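Enquirer: okay, here's the prediction I keep looking at, along with the sequence it came from:
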Amino acid sequence: MTEAADDEALNVLLLAEDFYPKESGGAFIDWNVATYLVEHGDSVTTVTPRNGDTARKEIVNGVEIRRPFRVHSNDRHPNSIRGFLRRILFALFLVPYLFVLCWRREFDLIYSTNHLLHPSAATVGFVNRLPHISFIGFSPSIQEERSILDPLVLLERTNFRFFIGDQVLCQTPKVQDILSEAFSCNVERLDGIVDKEAIKLAIDSSSISKDCARMSADIQLIFVGRLVDIKNPTKLPDLISNLPSTYSLLIIGDGPKREAVEVAVNEKRVGDRIEIAGRLPHKETLQLIHESDILILPSEAESYGAVVFEALSLNTPVVASPVGVFPMVDHPNLNIAEIEDFADTISEISVEEADGINSDTLEEFAVDRFAESVREQMLFEYSSI
C-alpha cells in the first residue's frame with residue numbers, strides 16, 4: 001500500500017465489465033469516475049474485458065486501461081448462456097492476473113462496479129489488505145417477478161453475503177434498503193448521471209424550439225429506451241389510443257420487442273400517430289427530447305433512469321412509473337403514475353413553452369456530482385485504514 005500523499009492522491013484499481021470506448025450505461029459512469037479521479041491527481045488503472053479490436057493496453061486521458069482477456073465474440077450476446085459462462089470464466093481468470101498486477105504495483109484501494117467482478121475484487125482486496133468499494137447499479141432483486149431461485153438473484157445475493165465491499169455505493173433506495181436491512185452493509189446512495197457537456201452541446205446545436213416542433217403535432221410525446229419487456233413498449237400503442245388525436249408519439253430505441261410493438265400499433269390503428277425511429281445517436285436523441293412536449297417511461301423496473309434526468313434538465317416534463325429513484329425525486333416536471341393511469345396523468349399536464357436548459361436540475365443530477373461523491377468515499381475509506 002502506498003504512503004498517503006500530501007494532496008491525498010490515490011492509486012486506484014478499477015474493475016469494470018463495460019468501459020471505454022463504450023459510451024453508454026455503466027461504462028459512461030465508470031469512465032467519468034475514472035477521468036474525474038485523474039483530473040484530481042489520482043492514478044487509475046482499469047481492468048476490463050477486451051472486445052472487438054480494442055487494445056490490450058492503452059492510456060486514454062490519463063487513465064490506464066488493461067484488457068487482458070476477451071470475453072465474447074462480437075456476435076455473441078453477453079447475457080446468452082454461452083456469453084454468461086464466458087463472463088464467469090473472465091472473472092475467474094482475472095483473479096491470478098490481479099494478484100500479479102498487485103505484486104508489481106502498489107494500489108490504495110479497489111473499486112468494482114459489476115456483480116461478476118465483486119468476488120474477484122473482494123478476494124484480491126482481502127489477500128492484499130486493500131479497501132474494497134463496491135458500486136451496485138441495476139439489481140435483479142428490485143424486479144418483483146424474479147424468483148429468489150433465479151440465477152441472477154442467487155448470484156447477487158451471494159455477492160451481498162460474501163463479496164461485497166467494505167463500503168457499498170448505490171443509486172436506488174430499494175437497493176439501499178436490501179443491502180442495509182438484509183445484509184447489514186455500510187451503504188451510501190449517490191445521485192448523478194447526466195452528461196452536462198452533451199446536454200449543452202445538444203441545445204447549442206438544436207435549431208428547433210419546442211414551439212416550432214409543436215407545429216407538426218399538437219402534443220408530441222417521446223419514449224426513449226430499449227424495446228424489451230421490462231420497458232413495457234408494447235403498452236405504448238394502447239396508451240396513444242386512449243389519448244385524444246392531438247397526441248402523437250415518437251419511439252426512439254430498438255430491441256427484441258420491436259416487431260411486437262409494430263403489431264400492437266396496427267391492432268390499435270394508431271400508425272398515423274406513432275413513429276418508431278429506431279436507435280439514434282445520443283446527441284440527436286437529446287435534441288428530440290428537448291423538442292418534444294412530454295417524455296414517458298412506463299418501465300416495470302429501473303435503476304436510475306438517465307433519460308428521465310436528461311429530459312428534466314432539458315425542461316421537458318416526464319411521466320414515469322414509480323420505480324427506482326423516481327418516487328424520491330421532488331421536481332415540478334416529474335409526474336409519477338402507475339402505467340394504467342398514464343393517459344389521465346398525461347392529459348392533465350399543461351404543456352408550456354420552456355426552451356433551453358434547467359441549470360439547477362442539470363447541476364443536481366450531473367455525473368460529475370456522482371464522481372465527486374465516489375472520490376469522497378474513496379478518501380474516507382483510505383483514511384480509515
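Expert: Nice, thanks for sending it over.
Enquirer: please name the nearest non-neighbouring residue to residue 92.
Expert: Closest residue in space to residue 92, ignoring its immediate chain neighbours: residue 120 at 7.9 Å, by C-beta to C-beta, 6 or more residues apart in numbering. The C-beta positions use only the backbone N, C-alpha and C, and glycine is treated the same way.
Enquirer: list the contacts for the residue lying closest to residue 171 once chain neighbours are set aside?
Expert: Excluding the flanking residues, the one nearest residue 171 by C-beta to C-beta, 6+ apart is residue 304, at 4.5 Å. When contacts are counted by C-beta atoms under 8 Å, 6 or more residues apart in numbering, residue 304 touches 137, 171, 172, 193, 324, 325.
Enquirer: what's the closest of those to residue 161?
Expert: Closest approach to residue 161 among those (C-beta to C-beta): residue 137, at 18.8 Å.
Enquirer: surely the closest one and residue 168 touch.
Expert: No: counting by C-beta atoms under 8 Å, residue 137 sits too far from residue 168 to count as a contact (11.6 Å).
Enquirer: the more surrounded of the two?
Expert: Counted by other C-beta atoms under 10 Å, residue 137 and residue 168 do not tie: residue 168 has more neighbours, with 24 against 18.
Enquirer: over to the more buried one: give its phi and psi.
Expert: Main-chain torsions, residue 168, degrees, to the nearest 10: phi -120, psi 130.
Enquirer: got a list of what it touches?
Expert: Per C-beta under 8 Å, 6+ apart, neighbours of residue 168: 133, 134, 135, 136, 179, 185, 186, 187, 188.
Enquirer: any idea which helix or strand carries the nearest residue to residue 365 once chain neighbours are set aside?
Expert: With sequence-adjacent residues excluded and distances taken as C-beta to C-beta, 6+ apart, residue 365 is closest to residue 309, at 4.2 Å. Per DSSP states H and E, residue 309 falls inside helix 306-313.
Enquirer: isn't residue 97 right up against residue 47?
Expert: Yes: when contacts are counted by C-beta under 8 Å, residue 97 is listed as touching residue 47 (7.4 Å).
Enquirer: more neighbours, these two?
Expert: Counting neighbours by other C-beta under 10 Å for residue 97 and for residue 47 shows that residue 47 has the greater number, 24 against 16.
Enquirer: mind telling me what element residue 302 is part of?
Expert: Assessed by DSSP H and E, residue 302 sits outside every helix and strand.
Enquirer: what's the neighbour count on it?
Expert: Around residue 302 there are 22 other residues, counting by other C-beta under 10 Å.
Enquirer: quick one: residue 122 is in a helix?
Expert: Yes: under DSSP: H, G, I helix; E, B strand; the rest coil, residue 122 falls within a helix.
Enquirer: what do residue 97 and residue 47 both touch?
Expert: residue 68.
Enquirer: minimum pLDDT in the contacts of residue 304, which residue is that?
Expert: Ranked by pLDDT, those bottom out at residue 324 (79).
Enquirer: isn't residue 192 right up against residue 361?
Expert: No: the criterion here is C-beta under 8 Å, and residue 192 misses it with residue 361 at 11.7 Å.
Enquirer: can you give me the helices for the stretch 151-300 of the chain?
Expert: Under the criterion DSSP state H, counting those that start in this stretch, helices of the stretch 151-300 of the chain are mapped to 151-158, 173-177, 196-205, 210-213, 236-241, 258-268, 282-291.
Enquirer: export those to TSV and tack on mean pLDDT?
Expert: Below are the helices of the stretch 151-300 of the chain laid out as TSV (pLDDT from 0 to 100):
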stretch	mean pLDDT
helix 151-158	79
helix 173-177	83
helix 196-205	87
helix 210-213	47
helix 236-241	97
helix 258-268	96
helix 282-291	94
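Enquirer: I'd like these laid out as TSV, including mean neighbour count.
Expert: Shown next, in TSV, are these (neighbours: other C-beta atoms under 10 Å):
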stretch	mean neighbour count
helix 151-158	16
helix 173-177	18
helix 196-205	16
helix 210-213	14
helix 236-241	22
helix 258-268	16
helix 282-291	20
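Enquirer: hmm, who's touching the longest helix along the chain?
Expert: Secondary structure assigned by DSSP state H gives helix 81-104 as the longest helix of the chain. Helix 81-104 is contacted by residues 13, 15, 17, 45, 47, 49, 66, 68-69, 71-72, 76-78, 116-117, 119-120, 123-124, 127-128, 130 when judged by C-beta under 8 Å, 6+ apart.
Enquirer: return the subset of the residues you listed lying in strands.
Expert: Among those, the ones falling in strands (DSSP state E) are 13, 15, 45, 47, 66.
Enquirer: report pLDDT for the fourth one.
Expert: According to the predicted model, the pLDDT of residue 47 comes to 98.
Enquirer: is it in contact with residue 14, as I believe?
Expert: Yes: Residue 47 lies in contact with residue 14 (C-beta under 8 Å); the separation is 7.3 Å.
Enquirer: end-to-end on stretch 187-201?
Expert: Its start and end residues considered, stretch 187-201 measures 35 Å (C-alpha to C-alpha, to the nearest Å).
Enquirer: ok, and what's touching it?
Expert: By C-beta under 8 Å, 6+ apart, stretch 187-201 touches 28-29, 32, 167-173, 176, 179-180, 282-283, 286, 304, 306, 309-310, 313-314, 325, 357, 362-371, 373-374, 377.
Enquirer: distance from the chain centre to that stretch, please.
Expert: Remark: stretch 187-201 is offset 10 Å from the chain centroid, using C-alpha atoms, centre = their mean, to the nearest Å.
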